[in-house]
Structures are given as C-alpha cells and as structure tokens.
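[1] show me the folded form of this:
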Amino acid sequence: MKLQLIKADITTLSVDAIVNAANSSLLGGGGVDGAIHRRGGPQILEECKAIIERIGRCETGRAVITTAGELPARHVIHTVGPVWHGGGSGEPALLAQCYTASLRLGVENGLRAIAFPNISTGIYGYPKQPAAEIAVATVRKFDDGGGIDTVTFVCFDDENYDIYRRLL
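    Model prediction:
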C-alpha cells in the first residue's frame, strides 16, 4: 500500500473514497463534514439518514459508507472521531479505530484509493502531532490483503501538512 501526502481540499479529489470526519448523527456539521455534505448534495444526507434509521447513531470509532453524491469521489466513508478529553479517556484507541474501520470498509467494498482528512483535530480538539502519529502508524500496520493501492493523507493547513511530511 502506497502512502501519499497532499495539501488540498478533500472534496475535490477523484478517488474511490474520501473519508469524512463525521459526527455521530451523520447529518453534517462544521469543518470537513459540512464541506462534504454541502458539496456532495442531498444524496449523501439521504443515505446517512437511512443508515441512522437502521443503526441509531454512529458510535465513535465506527465507520459507514455512502455514495459521494455530486463529489468527484465514488464513495464517502463517514467515521466518528473522538473528542479530546486529555488522552485518558481512550481517545488514542478510538482514533486508531476510525482509521482501521474506514480501511476495512474500503477493502469490503473493493476500493483501491482512499483519502483521509486529519480526523478529530478540528473542533474535536485532538492535538495534531499525536493524531498524525496514530493515523500514520495505524494505516502502516493495516493488513488489507493487497486490496488498497493508495492511501492519501489530505491536509487542509500548513501545520498538519508539515507534521505528516515529517512522519512520512
């Protein structure tokens, strides 16, 4: 599996799936979540509503998949990252679960190229350096059986980009 790093708007990427740093309602919000829902159009929201009707809320560390609506990607994998409470409430394991659950969905759906944002580092307050370390380590150790060709870490800001660049 090849790891890439770019500084870009994740909603502009033409990949098999982009990952959405969603909230547990899956109904959109701020940051990357809001941008994906706005640019992807109503189809994503309708699919998210149907998922919530089936499962209730999407728990932290879990992931679900929808089509990508009007986005250039084929799918959106929605994962709920942990809110930072100082690191003693299981946040590192929950963040790692977000990456693992997203990659598993990718393999299960035959996806070859997946792009991740910086999960939980916005309004959820996860410190950027440890979040990036968890992201890179989790993706590197994931055994996909040869299914996923490329994972792209997509940074919106210079600070995250520089952290990932050093790690990769």
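
[2] which non-adjacent residue is nearest Arg74?
    Asp16 (5.2 Å; Cβ to Cβ, 6 or more residues apart in numbering). All C-beta spots, glycine's among them, are computed from the backbone N, C-alpha and C.

[3] can you report how many residues lie near that neighbour?
    Counted with other Cβ atoms under 10 Å, the neighbours of Asp16 add up to 21.

[4] likewise for the one 5 residues further on?
    Neighbours of Ala21 under the rule other Cβ under 10 Å: 25.

[5] pairing partners for the strand or helix carrying it, with directions?
    Here Ala21 sits within strand 17-22, counting by DSSP states H and E. Sheet pairing for strand 17-22, assigned by DSSP bridges, gives strand 75-80 (parallel), strand 113-116 (parallel).

[6] what about Ala101, which SS state?
    Under the three-state scheme (DSSP: H, G, I helix; E, B strand; the rest coil), Ala101 adopts helix.

[7] in space, what's closest to it - neighbours in sequence excluded?
    That would be Ala63: by Cβ to Cβ, 6+ apart, it lies 3.8 Å from Ala101.
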